[in-house]
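Engineer: structure here, sequence nowhere to be found:
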């Protein structure tokens, strides 16, 4: 069955430190993967998708098919990055989300 | 553009009651979907629609019905509410298919007593 695993419920880092939010997936086909973010009192919104291969707000994510991972990285965390982050897998018009990771950036 | 709107924002029901959660979008999106968000479980897909007149089941469809009579509206019906349906419900829409960027509504917080 298709599954997305985000092993960390909470990740707490200091401002300026590197960030890596882990995401692993299980899917036998060619995956379409996304990171969505929910800032406090805002709607859930798309952060980036693997097919775009772009950097958004300093975040990047590389699809590693061998390790079935799509980790989200940022070299220097900012306080405004504090939010809930969801990794998601699309297959057959259905989206499967991970449980989410709360990122807390401390000053 | 209002984007994706959901009503009500909050709702308390008694076990066995029925209700409809409303979702509307003004972006002419073909694809619409409903999710429930529970602590420690992320978002789980309830039902989705790829266009007017077409609906399909997601991961957790039991206890919920949907219809899509227009492109704009995608209501979610709880037939006989149960405490296990206490959750936050999100509606989303996108251009084309589920592969495209999903635009989410603000959510409806439902409590079933």
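Structural biologist: All right, it came through fine. Bear in mind that the values here come from a model prediction, so they are computed numbers and not experimental data. Numbers count the residues shown, from 1 in each chain, chains lettered A, B, ... in the order given.
Engineer: tell me the residues of chain A that contact chain B?
Structural biologist: With C-beta under 8 Å from any C-beta of the partner chain as the criterion, chain A meets chain B at residues A:4, A:6, A:9, A:32, A:36, A:43-46, A:49, A:86, A:90, A:92-100. Every C-beta, even on glycine, is put in place using the N, C-alpha and C of the backbone.
Engineer: let me know the pLDDT of the closest residue to residue A:40 other than its chain neighbours.
Structural biologist: Nearest non-adjacent residue to residue A:40, counting by C-beta to C-beta, 6 or more residues apart in numbering or on different chains: residue A:83, 7.2 Å away. Residue A:83 carries a pLDDT score of 98 in this model.
Engineer: mind naming the longest strand for the chain?
Structural biologist: Answering for chain A, as no chain was given. As assigned by DSSP state E, the longest strand anywhere in chain A is strand A:83-91.
Engineer: not quite, go with chain B.
Structural biologist: Longest strand of chain B, by residue count under DSSP E: strand B:42-51.
Engineer: packing partners for the next helix or strand after it?
Structural biologist: Per DSSP states H and E, the first helix or strand lying C-terminal to strand B:42-51 is strand B:54-57. Helices and strands touching strand B:54-57, by 3 or more C-beta pairs under 8 Å, 6 or more residues apart in numbering or on different chains; DSSP states H and E, are strand B:42-51.
Engineer: tell me which residues of the strand it packs on come out buried.
Structural biologist: The neighbour-count check on strand B:42-51 (16 or more other C-beta atoms under 10 Å in any protein chain shown) flags B:42, B:43, B:44, B:45, B:46, B:47, B:48, B:49, B:50 as buried.
Engineer: the residues of chain A next to chain B in strands, which ones?
Structural biologist: Of the residues of chain A next to chain B, the ones assigned to strands by DSSP E are A:4, A:32, A:36, A:45, A:46, A:49, A:86, A:90, A:94, A:95, A:96, A:97.
Engineer: and the furthest pair within these?
Structural biologist: Spatial extent of those (C-beta to C-beta) is set by the pair A:45 and A:94 at 19.5 Å.
Engineer: dihedrals phi and psi, residue B:85?
Structural biologist: In terms of degrees, to the nearest 10, the main-chain angles of residue B:85 are phi -90, psi 0.
Engineer: contact partners for it?
Structural biologist: Residues counted as contacts of residue B:85 (C-beta atoms under 8 Å, 6 or more residues apart in numbering or on different chains) are B:36, B:63, B:78, B:110, B:112.
Engineer: over to residue A:35?
Structural biologist: So residue A:35 contacts A:21, A:23, A:46-49, A:59, A:61, A:70, A:72, A:85-88 (C-beta under 8 Å, 6+ apart).
Engineer: distance check, the closest residue to it other than its chain neighbours against chain B.
Structural biologist: Among residues not flanking residue A:35 along the chain, residue A:47 sits closest, at 4.4 Å (C-beta to C-beta, 6+ apart). Noted for residue A:47: a distance of 10 Å to chain B, by C-beta to the nearest C-beta, to the nearest Å.
Engineer: ok, residue A:47 touching residue A:58?
Structural biologist: No: Residue A:47 is beyond contact range of residue A:58, at 10.8 Å (criterion: C-beta atoms under 8 Å).
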